[in-house]
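Peer 1: Okay, here's the prediction I keep looking at, along with the sequence it came from:
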Amino acid sequence: MGEVTILKIGKNLIVPIQIELHDQSARKLQRDILNYIEKTGAQGLLIDVSAVSIIDSFLGRLLVETAKMAKLMGTETVLVGMKKEVVLTLIHLGLTMKNLHTALNIEDGLALLKSLTGRTYEKNRK
Amino acid sequence: MKKTENNKNPSRAEVWEQEISIYEDIILARQKVKVMMQEMGFSVLAQTRIVTAVSELARNIVIHAGGKGRMSVCEVSKTGKRGGLKCIFEDRGPGIENIEKAMQSGFSTSNSLGLGLSGAKKLCNEFYIESFLGKGTTVTIIEWLP
Ligand SMILES: Nc1ncnc2c1ncn2[C@@H]1O[C@H](COP(=O)(O)OP(=O)(O)OP(=O)(O)O)[C@@H](O)[C@H]1O
Ligand SMILES: [Mg+2]
């Protein structure tokens, strides 16, 4: 099974999930992301799930957890590109991904990250 | 031409079977069901719902039944009219003590979300569960073409 590439662009980490993750590789990705945040001090984390056809309770929970952990490290997370079928299925399943910032695509996601991290920066300055 | 078509229908009752023992098997099960649903002409939404249910039920076998189980999938038909897909998840795990409780969303013995069984039920047209303590659990789901 392949690996997910983590890209550092500017102050953000971009993680496009292009392969079907089984539970252990999803957990490994979570560890890799957190290690990367620690190493690079990235301000924003953008996870692109536009190529992911299934988000079940395990992956959904893992994504929410990853965002929470990133937040504790001072990094804001935006999840982008969730397919409409996946959104409807998550609602059926009863998994609310509240507290997780989402955007339609990478461009919107980056704009959202900018406003989110900008705000933190100003708050810290005061 | 006609003959081959007639011959084709009965042989459609093919059954796909695979073991569910490790995490990779969950992905294999998902892929198989997805391809079958695509071939049968299910919508992307139906595929997404059912494959998600498959993922939950297969993972339950890996986590709660020690990976001692299997999935079988076959096409079914309702009085010769609508076609459907049936997936059976059968395991030789410890069984479920209280099915009613296990079916409640939020109930989990593994400190998880407890969404798997209740969610899977909501995601498909028909859902049946049977469990015997010390013997194992069988969950059957069916999705009909519209
Ligand atoms: N195949 C099975 N064999 C034995 N027990 C099972 C099986 N499937 C489910 N259970 C029991 O039913 C409970 C509820 O299952 P369900 O899938 O809803 O939640 P979960 O697996 O605990 O959490 P989640 O699926 O949300 O990660 C489980 O905690 C487990 O005790
Ligand atoms: Mg479960």
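Peer 2: Received it, and whenever you're ready, just let me know what you need. Numbering: from 1, shown residues only, chains lettered A, B, ... in the order given. Ligands and ions are numbered 1, 2, ... in the order given.
Peer 1: and the residue of chain A nearest ligand 1?
Peer 2: residue A:57 (4.4 Å; CB to the nearest ligand atom). Where you see a C-beta, it was placed from the backbone N, CA and C, and this is true even at glycine.
Peer 1: Pretty sure that residue sits against residue B:113.
Peer 2: Yes - at 5.4 Å, residue A:57 counts as touching residue B:113 under the criterion of CB atoms under 8 Å.
Peer 1: Same drill for these two, tell me which one is more crowded.
Peer 2: Neighbours per residue (other CB atoms under 10 Å in any protein chain shown) separate residue A:57 from residue B:113, with residue A:57 holding more: 22 against 19.
Peer 1: Backbone dihedrals for the closest residue to that one other than its chain neighbours, please?
Peer 2: In space, and not counting its chain neighbours, residue A:57 is closest to residue B:115: 4.4 Å by CB to CB, 6 or more residues apart in numbering or on different chains. With angles defined as degrees, to the nearest 10, residue B:115 shows backbone torsions of phi -110, psi -10.
Peer 1: Just the helices from chain A, written as ranges.
Peer 2: Assigned by DSSP state H, the helices in chain A fall at A:23-40, A:57-72, A:84-93, A:106-125.
Peer 1: For chain A, which residues are neighbours of ligand 1?
Peer 2: residue A:57 (CB under 6 Å from any ligand atom).
Peer 1: any low-confidence regions in chain A?
Peer 2: For chain A, residues meeting the criterion pLDDT under 70 lie at A:1-2, A:119-126.
Peer 1: burial count for the closest residue to residue B:122 other than its chain neighbours?
Peer 2: Nearest in space to residue B:122, with sequence neighbours left out and distances taken as CB to CB, 6+ apart, is residue A:92 at 5.1 Å. By other CB under 10 Å, the residues close to residue A:92 number 18.
Peer 1: same question, the one 4 residues further on
Peer 2: For residue A:96, the neighbour count with other CB under 10 Å is 11.
Peer 1: Next, give phi and psi for it.
Peer 2: Main-chain torsions, residue A:96, degrees, to the nearest 10: phi -90, psi 130.
Peer 1: that older thread, indicate which one of the helices of chain A is closest to residue B:124.
Peer 2: With CB to CB as the measure, helix A:84-93 is the member of the helices of chain A nearest residue B:124 (9.9 Å).
Peer 1: Quick check, pLDDT for residue B:4.
Peer 2: Note on residue B:4: pLDDT of 38.
Peer 1: who in chain B is up against ligand 2?
Peer 2: Residues of chain B found near ligand 2 (CB under 5 Å from the ion) are B:60, B:116.
Peer 1: show me what contacts residue B:59?
Peer 2: A:23, A:56, A:58, B:26, B:116 (CB atoms under 8 Å, 6 or more residues apart in numbering or on different chains).
Peer 1: isn't the first one right up against residue A:56?
Peer 2: No - here residue A:23 does not reach residue A:56: they are 9.7 Å apart, not a contact under CB under 8 Å.
Peer 1: Centroid-nearest residue for chain B?
Peer 2: Nearest to the geometric centre of chain B sits residue B:87, at 3.6 Å (CA atoms, centre = their mean).
Peer 1: What distance do you get for that one to residue A:82?
Peer 2: Remark: distance between residue B:87 and residue A:82 (CB to CB, to the nearest Å) = 25 Å.
Peer 1: for residue A:107, same thing?
Peer 2: When CB to CB is the yardstick, residue A:107 and residue A:82 sit 15 Å from each other.
Peer 1: One more: residue B:138?
Peer 2: Look at residue B:138 and residue A:82: by CB to CB, they are 33 Å apart.
Peer 1: So for these two, which sits in the more crowded spot?
Peer 2: Just comparing residue B:138 and residue A:82: by other CB under 10 Å the higher neighbour count belongs to residue A:82, 19 against 15.
Peer 1: Now the more buried one: closest residue in space, sequence neighbours ignored.
Peer 2: Computed as CB to CB, 6+ apart, the closest residue to residue A:82 that is not its neighbour in sequence is residue A:49, at 5.6 Å.
Peer 1: Could you check how many residues crowd around residue B:24?
Peer 2: 14.
Peer 1: what's the answer for residue B:65, then?
Peer 2: Applying other CB under 10 Å, we find 21 residues neighbouring residue B:65.
Peer 1: Could I get the phi/psi values of the residue nearest to residue B:102 when sequence neighbours are not counted?
Peer 2: Closest residue to residue B:102 apart from its sequence neighbours, by CB to CB, 6+ apart: residue B:96 at 4.9 Å. Phi and psi for residue B:96, reported as degrees, to the nearest 10, are phi -110, psi 130.
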